[in-house]
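A.B. asks: Kindly generate the corresponding structure for this input.
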Amino acid sequence: MKKRKLATIALASAMMVTSFAACGNSESGTTAAGTTASSTQAASTEAPSTEAKTEAVTEKPVEEAVTPSVDFEDGKFAFVKVNSEKGGADKSELSVGDFNGSKALKVTNVEGKNMFVGINVSALLGDKVGDLAEIRIEMGTENPDKFAASSGTLYCYTGEDNKEVKAGNWSVYVDSANPKVAKFDVSGAGFIAGKDNYVILSKETDNSKTTPSHLWIDNIAFLDKEGKTLTADTNAEFGNPAGFSAASDRANLLGITKAVNWEGYQVSGGAWAQAGVAFTDEIKAALVPGSVIEIEFQSTTGNMWVVMNESAAGWMRVGVGDADGSGQQYARVNNAKTIAQVTYEQIAAVCGEDVGTWGSGFQCESDGDWSVSSVKVGMAAPSYALVQAVNYDGFAVKGDAWAQAGAPLTDAVKEKLVPGSMIEVSYKSETGHMWIVMNEAAAGWMRVGVGDYDGSGQGYIVADGSKAYIPYEMIAQYCGDDISTWGSQIQCESDGAWEVYGVRVGKAAEFTAANSHVDLGANGVKGDGWAQDGIELTDEMKAALVPGSVIDINYASETGEIWIVMPDSEAGWKRVGVGDFDGSGQGYALFDGSHCQISYEMIAEQCGDDVSKWGGRIQFEASSAWTVNSASIGIVK
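C.D. replies: Purely as a prediction, here's the structure:
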């Protein structure tokens, strides 16, 4: 970090803001410890003088600059993630750029909505997170609409269950204090080591309605109670902490097993610019038939693909779709447009099957400004959904690496454990791995789905770091088809410290991993239980509704389900995917509590094959209060 910037922090630290309160000289706010913090700037009424006034300097102490824990000079920010699902949230984009004389994290507001930026302090600080007492952040804003001030809040998510604690407010005055150092007393917030605690920095004013604005974040200092800087590991990744809803969007994506992280893959570029990282031996070994490359990214257009810039077959884009006019196959991208997938087969189709001819690595590219925070390679697997699932009561347990814990089998769960069923485990673990243990099976003590993590070479289950799926058939392979011989309980286990938040059992189904989408523009549509609201169908949307297509919905509802209503169909007012929630006994939509898919075929069953007779609207509905975060029509191209 540059010396000039240290001086900037020292001077700016005296102007810490904890609340947006008009443009006066005094600001105050409530800290996480429950006390009130305030700062006052004295307004000068004297005429300016050219004389040196050394006495004034000695009478007014200057706060000593602190060493930042994170300064973004290394370009790394995988420990940061935008939450685009909070109320009124913007699908903000992250990158590292030049600001105020050095590198800083650039958060771009693209929808004119509130911005929520998550920082995983547990991942950054590790065992030292419990010592965290104060957070200082240098912040600046840019807005072409020339607003006078910006403000927001720092929220802490702490303790055993990541409970929200408000740490305080901040503000930046464009003409007089931009950038500015904000200080937050978090000594009473309750950070606990090993609990994946995080903070969210919001900007809830000064959101441009016409042109994208920017929030700049730099020189984050994590301090202990003595004011000493805590060292941060900037190679850390944000992961999937409990309660961070933006981490859960797996819509349109393939499942992955045996995932290998591509170390050091944090790059960025402008529109149509490429950047990448050289293959590691581990990544090369993972690139085999049936594998998939998964890229976590931000882009102003929401698009992402790869470039094989050294391929023996020539310079090749893969997964670009028609963005460059080539009409090639598309990469798969989730609804939130934060994760993209390109398969081995897509690359092999243009570069050949011999990975040795692909060059020393590949690059990423988009048709808008973009950044990539992480890349991994694993084996493609189904993206599972459960139908008519029941909760496995009492299954909220945790353990250290290779330790087991579980819950007794309930009658409701036993009834659901039949051929074709699936166990779904919602969890986190240090390694991202999870499997189950049948510790009382008549066939003996059995791990199921462990793969080769224990050296047994058993089959792998689908586990993406937040959810794991174990099919009935895999359990039966080791324990037999008679569930009465499986014992009285099921346990969970991992090769790293782990925690399970809940388990469900239901009929197994698969989400469609679409790779071409038409946005329905349904973000923020909501309603109460049994109330409907939705969108008008455009000609583009109607053209996308073809056999094999799906309506893909990211949502939240109090009871976990959602479906659609076709209110103007010539066949009459129709619910589609409601199952038996209204007593009709219709087919169920595929939903998992946050992601729902309804196929063209399900709509055609109720409304007929002719889309022109479906009417001009699609509405959403659930049996409880619900909100649609995003929705699209997807198809595999």
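A.B. asks: Let me see the contact set for K128.
C.D. replies: K128 is in contact with A193, D224, L230, T231, counting by C-beta atoms under 8 Å, 6 or more residues apart in numbering. In this view, the C-beta of every residue, glycine as well, is placed from N, C-alpha and C.
A.B. asks: Now rank those residues by neighbours and give me the top one.
C.D. replies: Highest neighbour count within the contacts of K128, by other C-beta atoms under 10 Å: L230, with 19 neighbours.
A.B. asks: rewinding a little: pick the one among the contacts of K128 closest to G583.
C.D. replies: A193 (50.2 Å; C-beta to C-beta).
A.B. asks: what's the helix or strand for the closest one?
C.D. replies: Assigned by DSSP states H and E, A193 belongs to no helix or strand.
A.B. asks: mind checking pLDDT for it?
C.D. replies: Per-residue confidence (pLDDT) for A193: 90.
A.B. asks: if we can go back for a sec, so which of the contacts of K128 sit within strands?
C.D. replies: Using DSSP state E, no member of the contacts of K128 sits in strands.
A.B. asks: Could you check how many residues crowd around I423?
C.D. replies: Neighbours of I423 using other C-beta under 10 Å come to 29.
A.B. asks: so it sits in a strand?
C.D. replies: Yes. Using DSSP: H, G, I helix; E, B strand; the rest coil, the assignment for I423 is a strand.
A.B. asks: mind checking how far it is from K467?
C.D. replies: Distance from I423 to K467, counting by C-beta to C-beta, to the nearest Å: 11 Å.
A.B. asks: next one: V437
C.D. replies: Going from V437 to K467 by C-beta to C-beta gives 18 Å.
A.B. asks: My guess is G368 contacts A271. True?
C.D. replies: Yes. Counting by C-beta atoms under 8 Å, G368 touches A271, with 5.1 Å between them.
A.B. asks: what ranges do the helices span in the stretch 501-637 of the chain?
C.D. replies: 539-544, 600-607 (DSSP state H, counting those that start in this stretch).
A.B. asks: most packed of the ones you listed?
C.D. replies: Counting by mean count of other C-beta atoms under 10 Å, helix 600-607 has the highest mean neighbour count of the helices of the stretch 501-637 of the chain, with a mean of 18.
A.B. asks: looking just at contacts, which helices and strands does that helix meet?
C.D. replies: Where contact means 3 or more C-beta pairs under 8 Å, 6 or more residues apart in numbering; DSSP states H and E, helix 600-607 is packed against strand 563-566, strand 574-576.
A.B. asks: The longest one pairs with which strands?
C.D. replies: Strand partners for strand 563-566, identified by DSSP bridges, are recorded as strand 574-576 (antiparallel), strand 617-621 (antiparallel).
A.B. asks: any idea of the mean pLDDT for it?
C.D. replies: What strand 563-566 shows for mean pLDDT is 98.
A.B. asks: do stretch 202-209 as well
C.D. replies: For stretch 202-209, the per-residue pLDDT averages 72.
A.B. asks: From here on, call the first residue 42.
C.D. replies: Got it, first residue is 42 now, which makes that one stretch 243-250.
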